[in-house]
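[1] Here is a sequence together with a model predicted from it:
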Amino acid sequence: MSKASLWQLLKRIHSDDRGAVSLETILIIGAIALPILIFLIRVGWPRIKGYFNQGLQDLEAERANAIQ
């Protein structure tokens, strides 16, 4: 491959804008979702964990009562 054809190929790839909108959309969604995810992990996770732990304890108590 000659330098001229390689240069033309690189210019054509660089000027191709297909997919740029998709990439921008992904970056915007990530910029919105990341703070929400951090908030849910820091604030909501203890509540979610407590909810499921309580449910598990209730199930174990029900099972213990059913066996007796």
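    That came through, no problem. Residues are numbered from 1 along each chain as shown.

[2] mind listing the strands for the protein?
    Assigned by DSSP state E, the strands in the chain number zero.

[3] low pLDDT regions in it?
    Within the chain, the segments meeting pLDDT under 70 span 1-2, 19.

[4] ok, longest helix in it?
    helix 45-67 (DSSP state H).

[5] Just give me how far it sits from the chain centre.
    Going by C-alpha atoms, centre = their mean, to the nearest Å, the spacing between the C-alpha centre of helix 45-67 and its chain's C-alpha centre is 28 Å.

[6] OK, contacts around Phe51?
    To be clear, residue 51 is Tyr; Phe isn't right here. Residues counted as contacts of Tyr51 (C-beta atoms under 8 Å, 6 or more residues apart in numbering): none. Any C-beta I mention is one placed from the backbone N, CA and C, and that applies to glycine too.

[7] For it, give its distance to Gly44.
    The gap separating Tyr51 from Gly44 is 10 Å, by C-beta to C-beta, to the nearest Å.

[8] ok, now Leu23?
    Taken as C-beta to C-beta, the span from Leu23 to Gly44 is 30 Å.

[9] Check Ile28 too.
    For Ile28, the distance to Gly44 - C-beta to C-beta - is 23 Å.

[10] and what of Arg12?
    Counting by C-beta to C-beta, the gap from Arg12 to Gly44 is 48 Å.

[11] do the same with Val21
    For Val21, the distance to Gly44 - C-beta to C-beta - is 32 Å.

[12] Ok, Arg18 next?
    Where Gly44 is concerned, Arg18 sits at a distance of 39 Å (C-beta to C-beta).

[13] Between these two, tell me which one has more neighbours.
    Applying other C-beta atoms under 10 Å to Arg18 and Gly44 shows that Gly44 carries more neighbours, namely 10 against 6.

[14] Ile48 - how many residues pack around it?
    The number of residues packed near Ile48 is 11, by other C-beta under 10 Å.

[15] The chain should start at 839 in everything you say after this.
    In the new numbering, first residue 839, that becomes Ile886.

[16] Which residues are in contact with Gly893?
    Taking C-beta under 8 Å, 6+ apart as the contact definition, Gly893 lies against nothing.

[17] oh sorry, the question was meant for Glu862
    For Glu862, no contacting residues are found, by C-beta under 8 Å, 6+ apart.
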